[in-house]
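[1] dropping the sequence and predicted coords here.
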Amino acid sequence: MTTHVHPIFARVYRALSVATADQIAPHRQELLAGLSGRVMEVGCGNGLNFEHYPESVDEVVAIEPEPYLRGLAVEQAEVEGRNIMVIDGEAERLPAEDDSFDAVVCSLVLCSIEDPAGALAEIRRVLRPGGELRFYEHVLGDGRLESVQNRIDWLWPKLGAGCHCNRDTLSAIEAAGFEVEKSRELSLDIGRVRTPVSPHILGLAVSP
């Protein structure tokens with residue numbers, strides 16, 4: 001069993017994810033479009049990606065360490081009526097065999113993993129050669145916002161259950177040995193207000 005228990009943050013996360021669901025839905029659809037075969041989702045939260053998986057996906061194994069969110073994800077999987085299995089697990093120690101998945105999805109999760117390099121190494125391990133990493137993450141911005149992100153990052157993880165607002169996730173993916181085939185920047189502002197977690201990237205990388 002994992003020890004990622006954040007009951008207050010989990011409920012805040014659920015409320016925020018529901019409030020921004022319509023805004024983020026097109027990004028989730030773009031993230032998952034064209035996937036097929038056997039897919040692992042790392043840090044599935046309350047399962048808001050589930051409805052966007054295309055019919056070409058045969059199976060989804062969804063990993064979520066936080067008990068409250070995992071329970072919501074189980075309920076969402078039942079609603080979808082698809083072959084989606086939600087299990088406890090950590091990104092740094094994925095409960096899967098080598099080369100056992102066609103794709104891995106990371107959606108708003110690499111910001112809060114304690115050891116992102118270790119998690120990305122694990123993702124490469126479970127991906128078959130040529131398998132895809134689909135990523136949608138908030139990241140380090142530039143200019144004045146980058147300065148703000150760096151200044152407040154001592155506090156942000158305390159408020160957000162380990163979430164860091166200043167990670168250069170694209171560089172981390174490349175450093176892990178993935179070949180980034182496409183990536184685009186976008187901004188997710190709340191009510192037209194730019195926040196420390198506004199800058200996002202969305203893209204696809206391949207495991208050699």
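    Looks like it came in fine.

[2] ranges for the strands of this structure?
    Along the chain, counting by DSSP state E, strands occupy 37-42, 57-63, 84-87, 101-107, 127-138, 179-187, 199-206.

[3] out of the ones you listed, flag the one nearest Ala119.
    Among those, strand 37-42 comes nearest to Ala119, with 7.2 Å by C-beta to C-beta. Backbone N, C-alpha and C define where each C-beta goes, glycine included.

[4] partner strands of the closest one and their direction?
    strand 57-63 (parallel), strand 101-107 (parallel) (DSSP bridges).

[5] can you say which of those strands is packed in most?
    Per residue and on average, the most neighbours among those fall to strand 101-107, with a mean of 24 (mean count of other C-beta atoms under 10 Å).

[6] Glu90: neighbouring residues, count only.
    Counted with other C-beta atoms under 10 Å, the neighbours of Glu90 add up to 21.

[7] again but with Ser112, I slipped
    Using other C-beta under 10 Å, Ser112 has 21 other residues around it.

[8] pretty sure it sits against Gly162.
    Yes. Counting by C-beta atoms under 8 Å, Ser112 touches Gly162, with 4.4 Å between them.

[9] ok, now which ones touch Val105?
    Leu31, Leu32, Leu35, Val39, Met40, Glu41, Val42, Asn49, Arg134, Phe135 (C-beta atoms under 8 Å, 6 or more residues apart in numbering).

[10] quick one, helices of the protein?
    Secondary structure of the chain by DSSP state H: the helices cover 7-19, 21-32, 67-80, 116-126, 143-152, 156-159, 169-175.

[11] so can I have CSV of those helices showing mean neighbour count, distance to Arg192 and mean pLDDT?
    Converted to CSV, the helices of the chain look like this (neighbours: other C-beta atoms under 10 Å; distance: least, C-beta to C-beta, whole Å; pLDDT from 0 to 100):
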stretch, mean neighbour count, distance to Arg192, mean pLDDT
helix 7-19, 14, 15, 50
helix 21-32, 15, 12, 89
helix 67-80, 18, 28, 95
helix 116-126, 20, 30, 98
helix 143-152, 14, 15, 95
helix 156-159, 14, 21, 84
helix 169-175, 17, 25, 98
